[in-house]
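> turn this into a structure:
(chains A and B)
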Protein chains: 2
Amino acid sequence: MMAICKNPELCAEVSILPVEILGVDAAIIFADIMLPLESVGIRFQIKEGVGPIVTDPIRNLRAAQSLGRFAGADVPFVLEAIRLIKQKLNGRAPLIGFSGAPFTLASYIIEGRPTRDFTKTKALMYQDPETWHILMDELATVTTSYLRSQIHAGVDAIQVFDSWVGCLSPQDYREYVLPYSQRVFRDLENAGVPRIHFGTGTSSLLTEMKEAGGDVFGVDWRIPVDEAWHRLGHEVSVQGNLDPAVLLGDIALIKSHAADILRRASGRTGHIFNLGHGMLPTVQVEKVVELVRFVHNFAQEWGELS
Amino acid sequence: MMAICKNPELCAEVSILPVEILGVDAAIIFADIMLPLESVGIRFQIKEGVGPIVTDPIRNLRAAQSLGRFAGADVPFVLEAIRLIKQKLNGRAPLIGFSGAPFTLASYIIEGRPTRDFTKTKALMYQDPETWHILMDELATVTTSYLRSQIHAGVDAIQVFDSWVGCLSPQDYREYVLPYSQRVFRDLENAGVPRIHFGTGTSSLLTEMKEAGGDVFGVDWRIPVDEAWHRLGHEVSVQGNLDPAVLLGDIALIKSHAADILRRASGRTGHIFNLGHGMLPTVQVEKVVELVRFVHNFAQEWGELS
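Numbers count the residues shown, from 1 in each chain, chains lettered A, B, ... in the order given. The predicted structure follows:
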């Protein structure tokens, strides 16, 4: 994983594969969510089948204050990969840059390894709010700088992954997370690219996430896409929301789930069909190709009908 | 864990501790969610700090069909413990019996070990619906019989734990889960005890869970309790919904979170104050005692005000 991320030529080749093989409408840079954290002093290993394991998790004020400043120059390979991908795509599809959101980055470096209940993250948040706020402030700066570097290098849109924020209550989101995500989205408001705000398990956080900011909101399968859109308001765009596990079923099942989403989106401008979370490694490529074709045809039929 | 569960005297002593030490208003039988499954042929070990590990996970039709029939006589220790707890409580507090719901039991025996994404469960559900429906049908029978035995032995209420059902979309819940949970609740409709229907991450499943049945609905912290109640309808009762991790904070933080829940419940009849999920092992007992006292006083003040 890290070897590919740090080799711009290889990274660029991998990043354009989904456009070339699956036929999707946009590429996203192939990168690990931990990349910008390495340059501020977090040491970690990606353990296969597990995820990132942090050598010294951040759990006190001293550790939070010891984090260095992030600069685009710290991830030259990411920026070089972006330039190469843009060349290789040559206008065929836009390129999305991305970063973890402050909360999700915090959860990785506090827990130190994958978790189901985020107990250590919440323990720090509740027990030591001073450290929490210093850490989140720092991570908001990292996220913004990292995304700014990517925009400068040429990405056409950015996505902020707050993948694990659904473990919080709306009240705690508002107090411990919203100000920092809001700063990221505000700082990038005039950067000239659409901003996608992604989370999972966020059915009851949508109002708060919208307040934090973004032009497009990524939602998972736990909420019907029309209901999510209704709660967010129709002036924003919505991305989602097929359960990635549906791709383990046969093509008839996949199409029926996809059709349900497309019908709920009613051919309205501003729906980006997508999975509600990452692709499972066991999924057969041919099924994804067929799904992409199905979505494109469905979209075309809507176009002809309206 | 299993040694305590299978020793009725010990189990009874442990079960009444929360009433005696914490001062809570009800006891729940100390039991492992896997207990009724042992008697239908599932072999497992409880691995400390991990959870139940199933020796031969159920992943095909043959395995699903090989499950035996459950009978109350298979868990004599549970029923004897219930009789002992009732004696020991001697009317001081009601006793709640419980079982896993069909989906949550299925997820344990299909995955074979704790999971974050329930991929194997969903794979079976999507790839082999015949096996899925046979398994769920069987587990609904186990759940109903197990709860019926507990009611017969003397519990005053029953709780059905669908702890992991929040990983599903509302549409999939309706197709793959609702008919089985509904059968459990219908079969126990006239059993003469209140039925509590519990889940986590169920913010967008509440309408469907209500349709499946229950007199009381347990919700976690991911949705404000008043919003959950509004969606469920005020003719049902609601249980919840403090994040167990809040108990890692200091007492001022705990009280402020508890007060928010109590204010949202507005002293309305039919709110059972509770954690939104299980107690974390690292929580200090004194904090829980103080929380229980705070909730009792708060409830009393509401009573005096109204």
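
> for residue A:161, helix, strand, or coil?
Going by DSSP: H, G, I helix; E, B strand; the rest coil, the secondary structure assigned to residue A:161 is strand.

> who touches stretch A:230-237?
Contacts made with stretch A:230-237 from outside it, assessed by CB atoms under 8 Å, 6 or more residues apart in numbering or on different chains, are listed as A:194, A:206-207, A:210, A:214-217, A:238, A:268, A:270-272. The way it works is simple: take the backbone N, C-alpha and C, and place the C-beta from them, glycine included.

> swap the cut-off to 7 Å and go again
Contacts to stretch A:230-237, defined as CB atoms under 7 Å, 6 or more residues apart in numbering or on different chains, come from residues A:206-207, A:210, A:215-217, A:238, A:270, A:272.

> lowest-confidence one in the residues you listed?
When these are compared on pLDDT, residue A:270 comes out least confident, at 94.

> contact partners for it?
When contacts are counted by CB under 7 Å, 6+ apart, residue A:270 touches A:237-238.

> change it to 10 Å
A:215-216, A:229, A:234-239 (CB atoms under 10 Å, 6 or more residues apart in numbering or on different chains).

> could you measure residue A:297 against residue A:25, distance?
Noted for residue A:297: a distance of 14 Å to residue A:25, by CB to CB, to the nearest Å.

> swap in residue A:147?
Spatial separation of residue A:147 from residue A:25 under the definition CB to CB is 21 Å.

> just residue A:184 next, same as before
Counting by CB to CB, the gap between residue A:184 and residue A:25 amounts to 25 Å.

> residue A:107 now?
As for residue A:107, its distance to residue A:25 is 30 Å (criterion: CB to CB).

> do the same with residue A:203
Taking CB to CB as the measure, residue A:203 falls 26 Å from residue A:25.

> of these two, who's got more company?
Here residue A:203 and residue A:25 are set side by side on neighbour count (other CB atoms under 10 Å in any protein chain shown), and the busier one is residue A:203, at 25 against 17.

> three-state assignment of that one?
Secondary structure of residue A:203, reduced to three states by three-state DSSP: coil.

> isn't it right up against residue B:220?
No - under the criterion of CB atoms under 10 Å, residue A:203 is not in contact with residue B:220, lying 11.8 Å apart.

> quick one on the thing from earlier: determine which two of the contacts of stretch A:230-237 are furthest apart.
A:207 and A:272 (20.6 Å; CB to CB).

> with secondary structure added, can I get the contacts of stretch A:230-237 in JSON lines?
Conversion of the contacts of stretch A:230-237 to JSON lines gives the following (three-state DSSP):
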{"residue": "A:206", "secondary structure": "helix"}
{"residue": "A:207", "secondary structure": "helix"}
{"residue": "A:210", "secondary structure": "helix"}
{"residue": "A:215", "secondary structure": "coil"}
{"residue": "A:216", "secondary structure": "strand"}
{"residue": "A:217", "secondary structure": "strand"}
{"residue": "A:238", "secondary structure": "strand"}
{"residue": "A:270", "secondary structure": "coil"}
{"residue": "A:272", "secondary structure": "strand"}
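
> just for the stretch 201-306 of chain A, where's the confidence low?
Counting by pLDDT under 70, the ranges of the stretch 201-306 of chain A that qualify are A:303-306.

> hmm, try it at 80
Within the stretch 201-306 of chain A, the segments meeting pLDDT under 80 span A:267, A:299, A:301-306.

> in it, which spans are strands?
A:216-218, A:237-242, A:271-275 (DSSP state E, counting those that start in this stretch).

> show me the one of those that comes nearest residue B:246.
Closest to residue B:246 of the strands of the stretch 201-306 of chain A is strand A:216-218 (CB to CB; 27.4 Å).

> partner strands of the closest one, parallel or antiparallel?
Based on DSSP bridges, the strands next to strand A:216-218 in the sheet, each with its direction, are strand A:195-199 (parallel), strand A:237-242 (parallel).

> list the buried residues for the last one?
I take that to be strand A:237-242. Buried residues in strand A:237-242, counting neighbours by 16 or more other CB atoms under 10 Å in any protein chain shown, are found at A:237-242.

> tilt between that strand and strand A:271-275?
For strand A:237-242 and strand A:271-275, the angle between their directions (axes from the mean of the first three to the mean of the last three CA atoms, to 10 degrees) works out to 30 degrees.

> so what's the residue count around residue A:278?
Residue A:278: 11 surrounding residues under other CB under 10 Å.

> err, residue A:36, not the other one
Under the neighbour criterion other CB under 10 Å, residue A:36 is assigned a count of 27.

> same check, this time on residue A:42
21.

> does it sit in a helix, a strand or a coil?
If you use three-state DSSP, then residue A:42 falls in the coil class.

> what sits against the closest residue to it other than its chain neighbours?
Of all residues beyond its chain neighbours, the one nearest residue A:42 is residue A:109 (5.5 Å), with distances taken as CB to CB, 6 or more residues apart in numbering or on different chains. Contact criterion CB under 10 Å, 6+ apart gives A:34, A:37, A:40-42, A:44, A:52, A:54, A:56-59, A:63-64, A:67, A:121, A:135, A:139 as the residues in contact with residue A:109.

> and with 6 Å instead?
Applying CB atoms under 6 Å, 6 or more residues apart in numbering or on different chains, we find residue A:109 in contact with A:42, A:54, A:58.

> tell me which strands and helices the longest helix along chain A is in contact with?
As assigned by DSSP state H, the longest helix anywhere in chain A is helix A:129-153. The elements that helix A:129-153 packs onto, with contact taken as 3 or more CB pairs under 6 Å, 6 or more residues apart in numbering or on different chains; DSSP states H and E, are helix A:61-65, helix A:76-89, strand A:95-100, helix A:102-111, helix A:178-187.
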